[in-house]
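the following block contains a protein sequence and its predicted model.
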Amino acid sequence: MSELVLDVKNLHVSIEGSPILKGLDLQVKEGEVHAIMGRNGAGKSTLASVVMGHPAYEITDGEIHYRGTDIKEMDVFERARAGMFLSFQYPAAVPGVKVGTFLKKSTEAVQGDNFNAREFRSDMKNNMSSLDIDRSYLNRYVNDGFSGGEKKRLEILQMMMLKPKMAILDETDSGLDIDAMKIVSAGVNSVIDGSGVLVITHYQRLLDYIKPDFVHVMIDGKIVKSGGPELALKLEEKGYDWLDN
Amino acid sequence: MMYQKMQSPPRYNHLWKYTPWREVSPGKLSDKPEFQESGLVYLNSESEQSMGFSVQTEGSVPLSSEDIARACLSQEATKTHVIDLNGNEDMVNLRIDANSEFSIMRIHFNVKQSSKVCVEVVGTASWFGLLITGKINSNCHFDFGYSEKLPESSRVVRCEDWRLNRSSVFNMAGLSTQSFRRKSDLRISLEESSSEFYGSLAVHGLGSKKDDTHVEIDHQVGNTFSDLNIKTACDESSRSISTGRLYIREGADGVDSGQVFRNLLLSEKARADSIPELEVYADDVQARHGAASAPVDEELIYYLMSRGLDRENSISTLVEGFLADAYSNLKSEKLREEMRTRLRIHLDCLANH
């Protein structure tokens, strides 16, 4: 039986006193891909940030369990070291910090005593090759001067290096052309086995490449409908209005 | 005039406005400390000759400077190390051993061919004074790096005067990491056309350190270029002051110059002042300047923490990146990498302290 990786129950979240999530429930098991769709402002990115532990958000009610452990009090880096990963919608630029250095630092931090330099180099080479990333990236500063597509590739490269048990992809498809989307999706698919994946997207086309087991629709801070991949096709055709009531 | 008889510079003298002489002077103004010459050690395994390096010592001739720091350093140094540089591809590494309570060193660089030199000051001195003069001859490229490993309670006075001849290129990099009080007064004269100066300084402030760096760039003739980049990261209750005096003389048309100061404030008590000072007497010139101070970006910390780095390590990584970027404008890959390595070692030492 697959392990329950992420278990969100009745989650209520506010930022600066304004409620954003209003009783959200979600369960993701190992090997499952869940897609979350919804209008702008529905709270999708807030969900991703809260699960990863962003300090600006206040959990006013509800629970978040990761692999059976309540993580509400865990710091962001502890969640990352426990195997959680968030691919950012807008990855931050870190001037002066080279990609190669950053990848090594983060992999060392997450893997701890299990870090093996030779394995790291081999993984990096293979993962960069599969994402069609040139080696010259390693000497560039993290996301500094990167195009939208380059940033997203780097996010997925980091995910592949860190081998998370729970990966959250926040609009990873934005800024990607069709070819890049195929490459990035292949990278995501390579980590699904043994991990739970939560894909936040506006467009059904990403789900042609990353096949979801479940599709959820968020409206006003709650999941109002769940279904299989056919739900994404229906949303593409009909939009969200039919779900308003 | 003996510097002890000179009047302490008044606060309206812009050079000593932020750090009065008494804060960095060797002892009280009335004192006559026992100065000791510091040792100069050549570190490369190759012979000095093969590295195009030679050094001789001669008596120190006092400068007829009205500046009290230069007067002090040139009067108290008993000798000048005259270093001839006859060309090298690899970096010449020099160490200055400053182990006496009041340590002093005077060096003159005569850059005859394109060369690279990195200096590191180490030791236990409670006060260290350094006077460097240098002439970069026509068509020569000179890369010069400077850093210190002195006690956290030390006081440092560093004065440098460089003259650039026709079509010479001077890359100057500095890393200021320790010492309790430090005053640097670095002056660069672009004396002949097509000479270029690239200055990159990184300052890491900790504890109650105060770092006052003054860089004076004098475009004496037209068609000369200068680019100054100073980055400061101040933590705890440290303070930094950076002044960049850009002087473009009358008739020096075609000068292209710029200076940028950026400060990262890592605590509420930290303070950084950046003061560009432009005096432009020519018409057809470019003189860019900019200054910015900001606290560390919490979103960046969050991003790094989401990759498994704890908060302390995230901030340290951001500081390293921020300061390492100070060296981006250098036109020498070797010097850039050398300074970044020194910065990394400094931060690693702090992390393991």
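Perfect, I can see it now.

all strands for chain A, in order.
According to DSSP state E, chain A carries its strands in the segments A:4-15, A:18-29, A:33-38, A:58-66, A:69-70, A:84-87, A:94-98, A:141-142, A:166-170, A:196-200, A:214-219, A:222-227.

just list what the third one packs against, helices and strands only.
Using 3 or more CB pairs under 8 Å, 6 or more residues apart in numbering or on different chains; DSSP states H and E as the contact criterion, the elements in contact with strand A:33-38 are helix A:44-52, strand A:196-200, strand A:214-219, helix A:229-238. For the C-beta atoms, the positions are set from N, CA and C on the backbone; glycine is no exception.

deepest in the core, which of the ones you listed is it.
Of all these, strand A:196-200 has the most neighbours on average by mean count of other CB atoms under 10 Å in any protein chain shown, namely a mean of 26.

quick one: mean pLDDT for that strand?
For strand A:196-200, mean pLDDT is 96.

number of residues surrounding the closest residue to chain A within chain B?
In chain B, the residue found nearest to chain A is residue B:321; the distance is 2.9 Å by CB to the nearest CB. Residue neighbour count, defined by other CB atoms under 10 Å in any protein chain shown, stands at 21 for residue B:321.

what does residue B:337 give?
Residue B:337: 14 surrounding residues under other CB under 10 Å.

quick one: contacts for it?
Residue B:337 makes contact with no residue, according to CB atoms under 8 Å, 6 or more residues apart in numbering or on different chains.

tell me the pLDDT at it?
94.

how close does it get to residue B:174?
Look at residue B:337 and residue B:174: by CB to CB, to the nearest Å, they are 15 Å apart.

also residue B:289?
Computed as CB to CB, the residue B:289 to residue B:174 distance reads 19 Å.

more neighbours: which of the two?
Counted by other CB under 10 Å, residue B:289 and residue B:174 do not tie: residue B:174 has more neighbours, with 25 against 17.

and the most centrally placed residue in chain B, what are its bridge partners?
The residue lying closest to the centre of chain B (CA atoms, centre = their mean) is residue B:174, at 4.6 Å. Beta-bridge partners of residue B:174, counted by DSSP bridges, are residue B:146, residue B:201.

low-confidence ranges, chain B, go.
B:1, B:29-31 (pLDDT under 70).

now with 90?
Along chain B, the parts satisfying pLDDT under 90 run over B:1-17, B:22, B:25-34, B:52, B:58-67, B:88-89, B:152, B:177-180, B:348-353.

can you show me the helices along the stretch 1-150 of chain B?
B:21-24, B:68-76 (DSSP state H, counting those that start in this stretch).

of all the ones you listed, which one is nearest residue A:28?
Closest to residue A:28 of the helices of the stretch 1-150 of chain B is helix B:21-24 (CB to CB; 60.8 Å).

would you mind listing what in chain A touches chain B?
Counting by CB under 8 Å from any CB of the partner chain, the residues of chain A close to chain B are A:52-55, A:75-77, A:79-81, A:85-86, A:88, A:91-92, A:94-97, A:102, A:105-107, A:109-110, A:141, A:158, A:162.

just the buried ones from those?
Buried members of the residues of chain A next to chain B, counted by 16 or more other CB atoms under 10 Å in any protein chain shown: A:52-54, A:76-77, A:79-81, A:85-86, A:88, A:91-92, A:94-97, A:102, A:105-107, A:109-110, A:141, A:158, A:162.

out of the strands of chain A, nearest to residue B:300?
Within the strands of chain A, the stretch nearest residue B:300 is strand A:94-98; the backing value is 6.3 Å (CB to CB).

export that closest one to PDB, keeping only CA atoms.
What follows is strand A:94-98, C-alpha atoms only, in PDB (Å, rounded to 0.1, in the frame of the first residue of the first chain):
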ATOM      1  CA  VAL A  94      20.800  35.200  -6.100                       C
ATOM      2  CA  PRO A  95      23.600  37.400  -7.500                       C
ATOM      3  CA  GLY A  96      27.100  36.300  -6.800                       C
ATOM      4  CA  VAL A  97      26.200  32.700  -6.000                       C
ATOM      5  CA  LYS A  98      27.100  30.300  -8.800                       C
END
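
ok, it: who's next to it in the sheet?
Its sheet considered, strand A:94-98 pairs with strand A:141-142 (antiparallel) by DSSP bridges.

what's next to the strand it pairs with, contact-wise?
A:92-99, A:102, A:154, B:321, B:325.

state the pair within these that is farthest apart.
A:154 and B:325 (18.6 Å).

any part of stretch B:298-314 near chain A?
Yes: for stretch B:298-314, a contact with chain A is found by CB under 8 Å from any CB, at B:298-300, B:302-311, B:313-314.

distance of the residue in chain A that chain B sits nearest to relative to residue B:321?
Residue nearest to chain B within chain A: residue A:96 (2.9 Å; CB to the nearest CB). For residue A:96, the distance to residue B:321 (CB to CB) stands at 3 Å.

and for residue B:64, the neighbour number?
Other residues near residue B:64 come to 9 when the count uses other CB under 10 Å.
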